[in-house]
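Attaching a predicted model along with its sequence, questions to come.
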Amino acid sequence: MTEPVEPDFDVIVIGAGIAGCVTAYQLAQQGRSVLLVERGEEPGSKNLSGGVLYSRGMEQVFPDFLTEAPVERRITRNYINFINGDSSVAVDYRDARLAEPVNAVTVLRAKLDPWLAAKCEEAGALIMPGVRVDRVLTEGTRVVGVQAGDDELRAHVVVAADGVNSFIAQDVGLRKKPPQHHLAVGVKAVVSLPRKTIEDRFTLTGDEGAAVAAVGDCTEGVGGGGFLYTNIDSLSIGIVVRLDDLTAKKKVVTDIFDHFLEHRFIAPYLEGGEMLEYGCHLVAEGGLDMVGDIVMDGMVVVGDAAGLTLNTGLTVRGMDLAVGSAVAAAEAVGAALDQKNTSRATLAAYREKLFASYVGKDMETYAKAPHFLETDRMYKEYGELLADVLYGAFNHDLKPREHLVKVARGSLAHSPLKIMQLVKDGIAGARAL
Amino acid sequence: MKPLPVTERLTKNRFNLDEEESHIEVNQEIAKATGTGKAIVACCPAHVYSEDPDGTIAVEYAACLECGTCLAIAAPGALKWHYPRGGFGVQFREG
Ligand SMILES: Cc1cc2nc3c(=O)[nH]c(=O)nc-3n(C[C@H](O)[C@H](O)[C@H](O)COP(=O)(O)OP(=O)(O)OC[C@H]3O[C@@H](n4cnc5c(N)ncnc54)[C@H](O)[C@@H]3O)c2cc1C
Ligand code: SF4
């Protein structure tokens, strides 16, 4: 492959989200000339996530991340809630080990991303906010730069870190428009509440935080779930619903969102709060199947743009995978620049590094999760069955008590679920998650 | 806390409206024939789309939160949608 003559930069990164910033930071630290282009007025101003960042990967890149970066709370309480119309069953998992060392923190992207971009700038990268890249420039099969309005800028390598819509890679023919069952829409509000109120309502002390994951009636039976995460003095609340199921069931997405916020088991957490912001964003849900092609001559694709998100039903993980892919990409791009060969074959080291890291390993581990989560029963019958079993145990209606196993059998007989389905789903779930 | 209606909710957000250029264009015929019109009305979290009595889809592009959902579910040719020009559109302060 021939290299472009005298490009303007070693690397141009498209998109100052987590994947783009972490890639740009590390390449700048290697001493490369890096341009980071962001369409938002400021980095972070277009970005939205639920907000639980599994932080170990970030700490490998920024050792002082937890003390320096604008993080909200350390998650020490995971509350998994099966919600039905008038009943709910929850697993309340609290563990001091989640605090030391810190495992996950809540973040707000409009605050985190500017911090990351400032780190890139400190490391020597040039940041260009308020500029939308319209397309990449190509010569033959090679990407040689980017076009933004009338400007053309050239680089040895372009990094597409433009998020889940991945228009850049689609435009150049590297990736296809994803099918609807590989995408979900997340709708979210940030609700302000006094710090003390949050700590009381979720029984937290200091900077401890809680993450509530809800499935069942919260999405009116549409495949997906609800989330409620604590920030310092606000809550992040929202739903994530699969597009294929949303359109098939002809539901209005804002009705589902309102239903969740007004649900009798959720509304009390929000009482007295004020909605500060309302947003939405797509989530890549295809898992391993969605990753596809992420390398071509002169270009690599990182983060959500590469389909790197994992929904295991209880957690959405994309930010930590964005970090992991950025680390793999920066290493591979750096090595290719040293070899003065940025062809697809050389840059393929990115893919190898990615799949050797926690990102690729976890994508492989959870490869069956998307398919399993398409099981409709997950979103209705299971929560109801659990509640019925517990109702049998707690409802002392003066009838003679029965052993729990018998109660469970009785509840199952009344449930639309069949024992074989239960066994099959149980095995499939254990294999997928 | 009762959620406000969507239009009022959106007034809490910051937008830099591009007065000169809409980033959304519906092909009314294809939208009608394929059912894309009704689908995007139901799926847009910002209520950008609404259906007029004659079936035409009206577009309030200024309210768009730029998620890409409408494009993801639209039938081929029914919708032209791209990101607003650099610096324009929604600017999240929380995220
Ligand atoms: C509702 C919801 C809940 C989630 N919850 C979690 C969670 O709890 N934990 C977790 O880890 N993950 C979560 N995720 C996933 C997570 O948000 C993403 O995986 C993560 O944001 C991906 O980062 P990224 O840098 O790849 O992409 P993005 O953050 O989307 O960044 C892409 C950047 O590129 C810019 N850009 C795009 N196109 C252009 C262009 N043409 N020119 C210039 N700039 C451009 C954008 O403005 C943006 O800044 C959630 C997602 C959603 C929607
Ligand atoms: S991108 Fe999202 S917010 Fe904008 S019109 Fe489409 S569905 Fe609505």
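Everything's here; your move. Residues are numbered from 1 along each chain as shown, chains lettered A, B, ... in the order given. Ligands and ions are numbered 1, 2, ... in the order given.

How about the residues of the stretch 51-200 of chain A by ligand 1?
With Cβ under 6 Å from any ligand atom as the criterion, the stretch 51-200 of chain A comes near ligand 1 at residues A:51-53, A:132-133, A:161-163, A:186, A:188. Heads up, the C-betas are built off the backbone N, CA and C, glycines and all.

for the residue positioned nearest the centre of chain A, what are its contacts?
Against the mean C-alpha coordinate of chain A, by Cα atoms, centre = their mean, the closest residue is A:Gly318 at 3.2 Å. A:Gly318 makes contacts with A:49, A:283-284, A:303-304, A:308-310, as judged by Cβ atoms under 8 Å, 6 or more residues apart in numbering or on different chains.

make it 7 Å
With contact set as Cβ atoms under 7 Å, 6 or more residues apart in numbering or on different chains, A:Gly318 has these partners: A:49, A:304, A:308-309.

same deal with B:Arg85?
Counting by Cβ under 7 Å, 6+ apart, B:Arg85 touches A:132, B:18, B:21.

Could you grab the helix/strand/coil label for it?
Recorded secondary structure, B:Arg85: coil (DSSP: H, G, I helix; E, B strand; the rest coil).

State the distance from it to A:Asp134.
B:Arg85 sits 10 Å away from A:Asp134, going by Cβ to Cβ, to the nearest Å.

Equivalent analysis for B:Gly37, please.
Taken as Cβ to Cβ, the spacing of B:Gly37 relative to A:Asp134 amounts to 28 Å.

next one: A:Pro194
Taking Cβ to Cβ as the measure, A:Pro194 and A:Asp134 are separated by 45 Å.

Same question for B:Glu51.
Summarising the geometry, the distance separating B:Glu51 from A:Asp134, computed by Cβ to Cβ, is 32 Å.

How about B:Thr36?
For B:Thr36, the distance to A:Asp134 under the criterion Cβ to Cβ works out to 25 Å.

neighbour count winner among A:Pro194 and A:Asp134?
Regarding A:Pro194 and A:Asp134, a neighbour count based on other Cβ atoms under 10 Å in any protein chain shown identifies A:Asp134 as having more, with 18 against 12.

Tell me if I'm right that the more buried one and A:Gln147 touch.
Yes: the pair formed by A:Asp134 and A:Gln147 meets the contact definition of Cβ atoms under 7 Å, at 5.3 Å.

what's the helix or strand A:Thr254 falls within packed up against?
Assigning secondary structure by DSSP states H and E places A:Thr254 in helix A:253-262. With contacts defined as 3 or more Cβ pairs under 7 Å, 6 or more residues apart in numbering or on different chains; DSSP states H and E, the secondary structure elements packing on helix A:253-262 are strand A:183-192, strand A:234-242.

contacting residues for the residue lying closest to A:Glu271 once chain neighbours are set aside?
Counting by Cβ to Cβ, 6 or more residues apart in numbering or on different chains, the nearest residue to A:Glu271 once its immediate chain neighbours are dropped is B:Met1, at 6.1 Å. With contact set as Cβ under 7 Å, 6+ apart, B:Met1 has these partners: A:191, A:270-273.

Could you check how far B:Met1 is from A:Gly85?
Taking Cβ to Cβ as the measure, B:Met1 and A:Gly85 are separated by 21 Å.

what secondary structure does the closest residue to ligand 2 within the stretch 301-433 of chain A sit in?
Ranking the residues of the stretch 301-433 of chain A by distance to ligand 2 (Cβ to the nearest ligand atom) places A:Asp304 first, at 15.4 Å. Secondary structure state of A:Asp304, per three-state DSSP, is helix.

Right, I'll call it a day here.
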